[in-house]
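Student: sequence first, then the predicted structure, then my questions.
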2 protein chains.
Amino acid sequence: MTVNLELPLTDLRGHDLASFPGGPWGWEGAVPVPPGTGVVTLGEGNTPAVWLAPRPGRPEVWLKNEAANPTMSHKDRYMAAAVTTARAQGADTVIAASSGNAGASAAAYAARAGLRCVVVTKGSLPAAIHAQIVAAGAVVAGFPDVVARNGTMQQAVEQLGWFPLTNYAEPGPGGHPYAIEGLKSIAYELARDFGDELHTVVIPTSRADVLSGVHRGFKELVNAGLISASPRLVAAEPSRAAAFSTALQKSDRSEQERTRVHYGPSAAFSVGSDVANWQGLQALWDTDGEAIPIDPDEFMDEYRACAAADGIFMEASSAVAVAATRHLTTSPGSGVVVALGTSCGLKDLDLALSDAPELPVLDNGLDDLVPLVDQASR
Amino acid sequence: MTVNLELPLTDLRGHDLASFPGGPWGWEGAVPVPPGTGVVTLGEGNTPAVWLAPRPGRPEVWLKNEAANPTMSHKDRYMAAAVTTARAQGADTVIAASSGNAGASAAAYAARAGLRCVVVTKGSLPAAIHAQIVAAGAVVAGFPDVVARNGTMQQAVEQLGWFPLTNYAEPGPGGHPYAIEGLKSIAYELARDFGDELHTVVIPTSRADVLSGVHRGFKELVNAGLISASPRLVAAEPSRAAAFSTALQKSDRSEQERTRVHYGPSAAFSVGSDVANWQGLQALWDTDGEAIPIDPDEFMDEYRACAAADGIFMEASSAVAVAATRHLTTSPGSGVVVALGTSCGLKDLDLALSDAPELPVLDNGLDDLVPLVDQASR
């Protein structure tokens, strides 16, 4: 069983949901910080929910577009809280294990806070993430494998006192508990925007930090009487690393907690997990939720369709959540289904340009252009 | 003299500025559209203003971060209005001349609206822009030079009825007048967030669409009594293509209007102009503004510093505006200075990674990592 620390829920009584300004810091005290702490912010949160037109086999869905964050992903809510906590605890150096959105976000928030930042990763990382990390002045280092990376991070934390922005245990129980508090604001914003119409929220899932934070946010809203019930929470996973989907097929909760699967990489590199940790399972159990595995062909079709038909170019991991809405086992009726879009397609240019033709250069003006357009329209 | 069409100002009387929800469509009627028109939106606007710490030689500045838009630039406000207008006029195909943010935005909004989109450009374009355009299903074509590109666009508009999302005249008087209306929302949001504290707004400038739209927005707010006066508007330009800076050195307005300079390319590829058009001059004249040319060394320093010290990784063109705040000739006193950040650094990865070392892969854990971090800290 992989279990994470969890903070007490925040008491939101007395707050006015309709005027929630958004983001982790929109309501003072929602993310617990020591008194007198200056919060670290880059203007994260308050992202738009965009309606996606129904398509054959897919219900009407709202995509909450977390790419509209300062480093273009939902991790900014997490890192705003994490780096605020690190600074409040007197850290001078923070360290994050990531080759994706978390690393880019850690570097930016550490820069903002004036802290030294080290991102440890595997042997390679996407060019966009690399650019974001080095632009922020962070040190990024690769390691031959995850064991070496995590072991080094553990030593840095235990021997040098560096503040861990991410977890470094294997299997991973979930992220830093204070950081997860920053993700509660996703629930507050959805409740503000959709109220009790909200029926289902589908979340791309790896180690279930988002699932856990969103779950905690909705619990706080229910406890304060600001909404009547939590929506169903759904974990969307790539089928090659679908620990939660595998777990929920087992009848017994203690067996579910011990689920391990083989982790197979996919283009949805931000999601998938080998382990169904407790923080994620709890969110699914408590909300009568489910977990849905999506094959690569299906989420790549959705990745292309969301960009070409809806105008929203997100990372492939986000398309896993949109695709999962086709497989919901509980009808939303007249309720609203939201898929969480975690980051933008610019984070993985190799994937985006893998099918793209070279830029044609036309010497004969309209005589060349019209056939090109006609061909593309076919 | 290069002069653009201009619509009547919108009457904003009766609106409540404090509750303005943001974006081009936040106030019905602010962007004029025919009755019954469905607007095209991806959730653009309502971007955060982020405080930048003072540094030697630079005042306290708020950066309005337009990278937090659906395609990661301010062009989304423009294209939301442009594509809405195109669809309302019955267009089936839209065309934009751009090798940057406008092309990426045009493609996404056309996809959203179900219109065919053609982006015409010079012989190359940044990989990120290319990826955004092809992901949205648009056709992109290069031309040997600007004359061939613009000539083809003119033929497409006049002979085929394609809707022009950008201007194709040389010298350029400014963008589509209806599209510029979408940019007024930047002024509304700034007025909502800062009210009469707002003293100066610095805008990276090429053909002055943003300057013009923001100017019109503030005029509407003043006319409706929602603010007492427009802030000073300042055009920030790369010194290699600083038409407005050159123009304002001349004593006579009719001479200013005829200013032409040599256009020299720079890393700030989104800004700079060979011509000081009327829509930009008018905004500077009316607000007692100024134009400030910035050398490449200076804006590249600011580009790096904003990412490494403030955590905001923007395109080099945005750094031109931040750098220009060092040279303001009128003290803001206790008033607020805002620089407009137009797009994010991910749009130009070649620039961002040009100084970056290869990712080091460490075989000896902490023994390798500590020297690497120490070296970077020096």
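Tutor: In hand now; what should we look at?

Student: hey, let's count contacts and neighbours off CA atoms from now on
Tutor: Noted.

Student: show me which residues of the stretch 1-150 of chain A sit near chain B.
Tutor: Within the stretch 1-150 of chain A, the positions adjacent to chain B are A:42-44, A:48-50, A:67-72, A:107-112, A:114, A:118, A:123-124, A:127-128, A:130-132, A:134-137, A:139-144, A:148-149 by Cα under 8 Å from any Cα of the partner chain.

Student: okay, now the unreliable bits of chain A?
Tutor: Chain A contains residues with pLDDT under 70 at A:1.

Student: residues making contact with the longest helix seen in it?
Tutor: Ranked by residue count under DSSP state H, the longest helix found in chain A is helix A:177-194. Contact with helix A:177-194 is made by A:4-7, A:17-20, A:22-24, A:30-32, A:45-46, A:74, A:77-82, A:85, A:165, A:198, A:209-210, A:212-218, A:221, A:227, A:336, as judged by Cα atoms under 8 Å, 6 or more residues apart in numbering or on different chains.

Student: among those, name the buried ones.
Tutor: Neighbour-count burial (16 or more other Cα atoms under 10 Å in any protein chain shown) applied to the contacts of helix A:177-194 gives A:4, A:17, A:20, A:22-24, A:30-32, A:45-46, A:74, A:77-82, A:85, A:165, A:198, A:209-210, A:212-218, A:221, A:227, A:336.

Student: for A:Ala243, give its distance to A:Gly272.
Tutor: The spacing between A:Ala243 and A:Gly272, counted by Cα to Cα, to the nearest Å, is 7 Å.

Student: burial of A:Ser331, as a residue count?
Tutor: Burial of A:Ser331, expressed as a neighbour count using other Cα atoms under 10 Å in any protein chain shown, amounts to 12.

Student: A:Trp51 and A:Asn65 touch, don't they?
Tutor: No - under the criterion of Cα atoms under 8 Å, A:Trp51 makes no contact with A:Asn65, lying 10.4 Å away.

Student: looking at the two, which one has more neighbours?
Tutor: A:Asn65 (29 against 16).

Student: list the contacts of A:Thr152.
Tutor: B:365-366.

Student: look up phi and psi at it.
Tutor: A:Thr152 adopts backbone torsions of phi -70, psi -40, taken as degrees, to the nearest 10.

Student: name the SS class of A:Ala141, please.
Tutor: Secondary structure, DSSP: H, G, I helix; E, B strand; the rest coil: A:Ala141 is strand.

Student: thinking again about what came up before, next helix or strand past the longest helix of chain A?
Tutor: strand A:198-204 (DSSP states H and E).

Student: would you mind writing the CA trace of that next one as PDB?
Tutor: Extracted in PDB, the C-alpha atoms of strand A:198-204 (Å, rounded to 0.1, in the frame of the first residue of the first chain):
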ATOM      1  CA  LEU A 198     -21.300  19.600 -12.300                       C
ATOM      2  CA  HIS A 199     -21.700  15.800 -12.600                       C
ATOM      3  CA  THR A 200     -18.400  14.300 -13.600                       C
ATOM      4  CA  VAL A 201     -14.800  15.600 -13.700                       C
ATOM      5  CA  VAL A 202     -12.300  13.500 -15.700                       C
ATOM      6  CA  ILE A 203      -8.600  13.800 -14.700                       C
ATOM      7  CA  PRO A 204      -5.500  12.600 -16.500                       C
END
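
Student: which strands and helices lie in contact with that strand?
Tutor: With contacts taken as 3 or more Cα pairs under 8 Å, 6 or more residues apart in numbering or on different chains; DSSP states H and E, strand A:198-204 sits against strand A:232-238, helix A:316-324, strand A:336-341.

Student: adjacent strands (with direction) for the first one?
Tutor: Okay, so that is strand A:232-238. Sheet pairing of strand A:232-238 (DSSP bridges) gives strand A:198-204 (parallel), strand A:290-294 (parallel).
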